[in-house]
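**Student:** Here is the input, now give the coordinates:
(one chain, ligands or ions: 1)
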Amino acid sequence: MTNFASTQSIPAATPIRAAGLSKVYGTHQALTNVSVRIEPGEIVGLVGRNGAGKSTLIRALLGLIEVEAGTAWVFDEAALTMSDGVKERLAYVSQTPTALEWMSVKQMMHFIARLYPSLDREYVNEALKRARIPIDRKLSALSPGERQQVELVRALAIRPELLVLDEPAAALDPAVRRELLRDIVIRAGEGGTTVLFSTHIVSDLERVASRILFLHQGHLILDAPVDDLKECVAHVIVPPHALPEGAIVGELHRRILADGALSLVLRRSPAEDWPDFARRAGIRTLGIEDLFVEIAQ
Ligand SMILES: Nc1ncnc2c1ncn2[C@@H]1O[C@H](COP(=O)(O)OP(=O)(O)OP(=O)(O)O)[C@@H](O)[C@H]1O
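**Tutor:** The predicted model follows:
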């Protein structure tokens, strides 16, 4: 008799999945009904203006905060009650790392090595040397950029299956940032690491991300492969007399201009055509930076 259980492959667990996440701080609605799914090996960039809810979403996805509605799962376990086994498979670097401040860089890496026997010591030594980090200095005495680099080295060195970085490049100079991105891409390519990172630096996204999540005032208004953006997101200015009746399919954002015209950002799927009114008004395709600026207005 054939043993099907041993011949059929088991589908890999989904690194990140969330349905209907909503988060309120006091009276401020920071997230509204956000659903997302990140598959193994993806590099996903999370963008949005200051205060859009990026850090809140990351924390909710990892079960670091409670939410008013919705659920998040990490490797198919509820994020809020994640087991130690799942925690060991992920690394998270927050926007302002503050843990273990009283230790020196060297002490901290020894401490982490005890927790994670698989820590890639060779990478730690090489990366800290390359970054010229003073390894005998206390973490609390490092500059913000040095501190962030140490955290990133730690996160990459444990070779996580899931790497979540909240604005990893914020304090880094362009040369270091480029090296970091290269390390991330290598990890993702060689080790199959799934990466979610938030950023304001659009060129970083274009360089490494395969997918973009765009948060605007707590709403996930766009979730699309980076390669599809040019083809599937467009800007159109519609004169007041040419506005279509009713809801506009694929509308991502709108603002009324001084002359009463409507400035619209539209989305379509690759198989669809742009609506007639938009084609008549003139379609302008948008890169990520243009999209960011248009939605920010
Ligand atoms: N603990 C908190 N208490 C009250 N309000 C909060 C708290 N944390 C975040 N907020 C508010 O929720 C909103 C979303 O904050 P969040 O830090 O998630 O935004 P962000 O997109 O990461 O911003 P930035 O790009 O500036 O880091 C902001 O308006 C912020 O002021």
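**Student:** any residue of stretch 205-222 up close to the ligand?
**Tutor:** No. Figure legend: stretch 205-222 not in contact with the ligand (Cβ under 6 Å from any ligand atom); closest approach 6.5 Å. C-beta here means a position set from N, CA and C on the backbone, and glycine is covered the same way.
**Student:** for that stretch, which positions count as buried?
**Tutor:** 205, 208-209, 211-216, 218-222 (16 or more other Cβ atoms under 10 Å).
**Student:** Need these in CSV (columns: secondary structure and pLDDT).
**Tutor:** Formatted as CSV, the buried residues of stretch 205-222 follow (DSSP: H, G, I helix; E, B strand; the rest coil; pLDDT from 0 to 100):
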residue, secondary structure, pLDDT
Leu205, helix, 81
Val208, helix, 85
Ala209, coil, 89
Arg211, strand, 93
Ile212, strand, 92
Leu213, strand, 94
Phe214, strand, 92
Leu215, strand, 94
His216, strand, 91
Gly218, coil, 96
His219, strand, 95
Leu220, strand, 95
Ile221, strand, 90
Leu222, strand, 90
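**Student:** Can you pull the phi/psi pair for the closest residue to Asp136 other than its chain neighbours?
**Tutor:** Nearest residue to Asp136 in three dimensions, chain neighbours excluded: Ser104, at 5.3 Å (Cβ to Cβ, 6 or more residues apart in numbering). Torsion angles at Ser104 (phi, psi; degrees, to the nearest 10) stand at phi -80, psi 170.
**Student:** Relative to the ligand, how far out is Ser104?
**Tutor:** 29 Å (Cβ to the nearest ligand atom, to the nearest Å).
**Student:** just the helices in the stretch 51-200 of the chain please.
**Tutor:** 54-61, 84-87, 105-115, 121-130, 144-157, 174-191 (DSSP state H, counting those that start in this stretch).
**Student:** out of those, which comes closest to Tyr25?
**Tutor:** Closest approach to Tyr25 among the helices of the stretch 51-200 of the chain (Cβ to Cβ): helix 54-61, 8.0 Å.
**Student:** So what touches that closest one?
**Tutor:** Contact with helix 54-61 is made by 16, 18, 21, 23, 30-31, 34, 36, 46-48, 65, 67, 70, 72, 74, 79, 92, 94-95, 164, 166-167, 196, 198, 215, 218, 220, as judged by Cβ atoms under 8 Å, 6 or more residues apart in numbering.
**Student:** And stretch 279-291, by the same measure?
**Tutor:** 47, 202, 205-206, 212, 214, 222, 226, 229-231, 233-239, 242, 265, 273-274, 294.
**Student:** what mean pLDDT would you report for that stretch?
**Tutor:** Stretch 279-291 shows a mean pLDDT of 86.
**Student:** and the end-to-end length of it?
**Tutor:** Taking Cα to Cα, to the nearest Å, the first and last residues of stretch 279-291 lie 19 Å apart.
**Student:** Show me how far it is from its chain's centre.
**Tutor:** 24 Å (Cα atoms, centre = their mean, to the nearest Å).
**Student:** go on, stretch 160-180?
**Tutor:** Chain-centre distance of stretch 160-180: 11 Å, with Cα atoms, centre = their mean.
**Student:** Go through that stretch and flag the buried ones.
**Tutor:** In stretch 160-180, counting by 16+ other Cβ under 10 Å, buried: 160-172, 176-177, 179-180.
**Student:** try stretch 54-65
**Tutor:** Buried, per 16+ other Cβ under 10 Å, within stretch 54-65: Lys54, Ser55, Thr56, Leu57, Ile58, Arg59, Ala60, Leu61, Leu62, Gly63, Ile65.
**Student:** In ChimeraX, select just the buried ones from the contacts of stretch 279-291.
**Tutor:** Buried members of the contacts of stretch 279-291, defined by 16+ other Cβ under 10 Å, are picked up in ChimeraX with:
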select :47,202,205,212,214,222,226,229,233,234,235,236,238,265,274,294
